[in-house]
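Asker: build me a model from this:
(one chain, ligands or ions: 1)
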Amino acid sequence: MSAAIQQEREAFYQRADTQALAPLWTRLKSLVPQAPATVGVPHRWGYDEVRHYVMESAQHISAKEAERRVMILENPALKGSSQITHSLYAGLQLLMPGEIAPAHRHTQSALRFIVEGSGAYTAVDGEKTMMTPGDFVITPSWTWHHHGNDGDQPMVWLDCLDIPMAMFFNSTFREDHRADEAAITRPTGDALARYGQGLLPVGHIKTSLNSPVFNYPYARTREALAALAKAGAPDPHHGYLLRYVNPLDGGWAMPTISTMIRLLPTGSETKPYRSTDGAVFIVVEGEGELHVNDRRLALKPHDVVTVPGWLPYTLHATHELVLFQVSDRVAQEKLGFFREACL
Ligand code: GTQ
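Answerer: Numbering: from 1, shown residues only. Model prediction:
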């Protein structure tokens, strides 16, 4: 293209700009790319390293003053964004003995995956549930929730929220409860008894987008994984991979965040797999490595690892590995965007 033509075009673009107009043809390939661009980088937060910082946070601020005392797991390529993947937020929340993280509610959906401690609870929509390591707990959109630690140990859990997704739609609200503790209206264990036993109350009408089971206890999940591992052969790309379901419809447990858990037998490695959802993994038990982009990210208990969407990765277990995994897959599936490939 001649310099003259280029100059004429540039002049045209500048004149068009005065009318808030821009040419598509200079942007088409980035607006409608052939394949997803990688947003963020693969990263590992080793629990041995970050635990000290999480614990030190209690010396600097109380849960009450902080409202939520959380060290955000921020993707190093997305600094300042509070994003672990481009659509998800994650952090490690600490609650010391005797503390209460005061009740509030927000449009963002949250999940907790319990890392360490005992004797603490979270209260969600009128029911308290005890937090035990490995439990997966849901805080649905716009439900009152507070957390309390009646035990004698620090309690740490992984928070994951759809904050970046909600921010994209810019349609979010929050409200602080007038009291630190929201009312408890149902006995502990009520939701699990009603909905989490392969039974459902006759006549129950589905009113929430979330699973009515809001705590999936690790003891049960672990039992299922152990039985699977005994019974059959692992999938070559996934190992023994289970998804948490809403018992009312068999769909994902939450409307915006997908949750899965897998077991990889000692010595096994998965074949390369990629999918359009950026993933966050937390090691529940065992040891191994995640290989991505010529990098080997170690996997040890409580380590958190993220892999951006569409990057092929493999998982290697040196000691029987249990991995909990979250992503925005459920949202992508609903919108028709989700793709995956077994390589
Ligand atoms: O526990 O309600 O990590 O509102 C970020 C925002 C946790 C929570 C976070 C929150 C919470």
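Asker: which residues does the residue in the stretch 151-300 of the chain that the ligand sits nearest to bridge with?
Answerer: Closest residue of the stretch 151-300 of the chain to the ligand, CB to the nearest ligand atom: D159 (3.5 Å). C-beta here means a position set from N, CA and C on the backbone, and glycine is covered the same way. Beta-bridge pairing for D159 (DSSP bridges): G91, R112.
Asker: quick one, what contacts it?
Answerer: D159 is in contact with 68, 70, 89-93, 110-112, counting by CB atoms under 8 Å, 6 or more residues apart in numbering.
Asker: which among these gets closest to V304?
Answerer: When those are compared for distance to V304 (CB to CB), A90 wins out at 7.0 Å.
Asker: could you measure from that closest one over to E175?
Answerer: A90 sits 23 Å away from E175, taking CB to CB, to the nearest Å as the criterion.
Asker: and stretch 117-126, what's buried?
Answerer: 117, 120-125 (16 or more other CB atoms under 10 Å).
Asker: my guess is A331 contacts L88. True?
Answerer: No: contact criterion CB atoms under 8 Å: A331 and L88 do not qualify, at 10.1 Å.
Asker: give me the common contacts of those two.
Answerer: 162, 165, 257.
Asker: wait, the last one touches D328, no?
Answerer: Yes: under the criterion of CB under 8 Å, I257 lies in contact with D328, with a separation of 6.7 Å.
Asker: between those two, which contacts overlap?
Answerer: 88, 162.
Asker: next one: P76 from L297, what distance?
Answerer: For P76, the distance to L297 - CB to CB - is 13 Å.
Asker: can you list the residues of the protein near the ligand?
Answerer: By CB under 6 Å from any ligand atom, the part of the chain that sits against the ligand consists of 68, 70, 91, 93, 106, 110, 145, 159, 161.
Asker: buried subset of those residues, written for PyMOL?
Answerer: To isolate the buried members of the residues of the chain next to the ligand in PyMOL, using 16+ other CB under 10 Å:
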select buried, resi 70+91+93+106+110+145+159+161
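Asker: which single one of the buried residues of stretch 117-126 is nearest to E269?
Answerer: Of all the buried residues of stretch 117-126, G117 has the smallest distance to E269: 32.4 Å, by CB to CB.
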